[in-house]
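[1] Here you go, sequence then predicted model.
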Amino acid sequence: MDANVNQKSNDSEQVSDSKRRDVGAIVHVLSAVLIPFSLGLSVMIPAFLYIYHNYEYSNGPKDEFLVTHLREALNANVTFLFAAIIHGLLSIILIGIITGLVHWLTLVAWSFSAQKSLKSGNVYRYPFTFRIF
């Protein structure tokens, strides 16, 4: 009887971890895709979830793997926010529009790679990103 209870407990923990990691995968992609529509939301979503999961506000044990991925998503979007200022200044001479578009498409491709890495259980580090958090 005790073995069945432990098995059910382990199964529920795995489902809970899977659901949390699904949220992490969505954050990677959603925050990168939202950038043209709202730079604020693309930074606030990973920031909120990073704080929520890192500082024990969530129910259950802390998932360091998920926190690492949320931190990377936050760092990548904050770096893009700083780069958006430079792209905005460069748009005065029209090159900023092209560099901003190329940078955004590259970030979207990296976010899909990060999402795949999260699903497969590997840590992903965004290239050319300032590690602020």
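    Done, it's in.

[2] where do the helices sit along this protein?
    2-33, 39-54, 64-90, 95-120 (DSSP state H).

[3] Which of the ones you listed sits closest to Phe130?
    Taking CB to CB, helix 64-90 is the member of the helices of the chain nearest to Phe130, at 4.9 Å. Every residue, glycine included, has its C-beta placed from N, CA and C.

[4] For the closest one, the averaged confidence score.
    Averaged across helix 64-90, pLDDT comes to 93.

[5] Packing partners of that helix?
    helix 2-33, helix 39-54, helix 95-120 (3 or more CB pairs under 8 Å, 6 or more residues apart in numbering; DSSP states H and E).

[6] Including mean neighbour count, mean pLDDT and distance to Ala73, could those helices go into a markdown table?
    Shown next, in a markdown table, are these (neighbours: other CB atoms under 10 Å; pLDDT from 0 to 100; distance: least, CB to CB, whole Å):
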| stretch | mean neighbour count | mean pLDDT | distance to Ala73 |
| --- | --- | --- | --- |
| helix 2-33 | 14 | 68 | 5 |
| helix 39-54 | 18 | 90 | 4 |
| helix 95-120 | 16 | 94 | 7 |
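
[7] Save the ones you listed as JSON lines, and put in distance to Asp63 too.
    Formatted as JSON lines, those follow (distance: least, CB to CB, whole Å):
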{"stretch": "helix 2-33", "distance to Asp63": "6"}
{"stretch": "helix 39-54", "distance to Asp63": "7"}
{"stretch": "helix 95-120", "distance to Asp63": "11"}
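
[8] I'd like to know which of the ones you listed lies nearest to Ile132.
    Ile132 lies closest to helix 39-54 among those, at 10.9 Å (CB to CB).

[9] hey, C-alpha coordinates of that closest one in CSV?
    Extracted in CSV, the C-alpha atoms of helix 39-54 (Å, rounded to 0.1, in the frame of the first residue of the first chain):
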residue,chain,number,x,y,z
LEU,A,39,8.8,45.6,-25.2
GLY,A,40,7.4,46.1,-21.7
LEU,A,41,5.4,42.9,-21.7
SER,A,42,8.2,40.9,-23.2
VAL,A,43,10.4,41.8,-20.2
MET,A,44,7.6,41.8,-17.5
ILE,A,45,6.4,38.3,-18.2
PRO,A,46,9.7,36.5,-17.7
ALA,A,47,10.5,38.9,-14.8
PHE,A,48,7.3,38.1,-13.0
LEU,A,49,7.7,34.3,-13.5
TYR,A,50,11.4,34.4,-12.5
ILE,A,51,10.6,36.2,-9.3
TYR,A,52,7.6,33.9,-8.6
HIS,A,53,9.5,30.7,-9.1
ASN,A,54,12.8,31.8,-7.6
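
[10] Thank you kindly, that will do.
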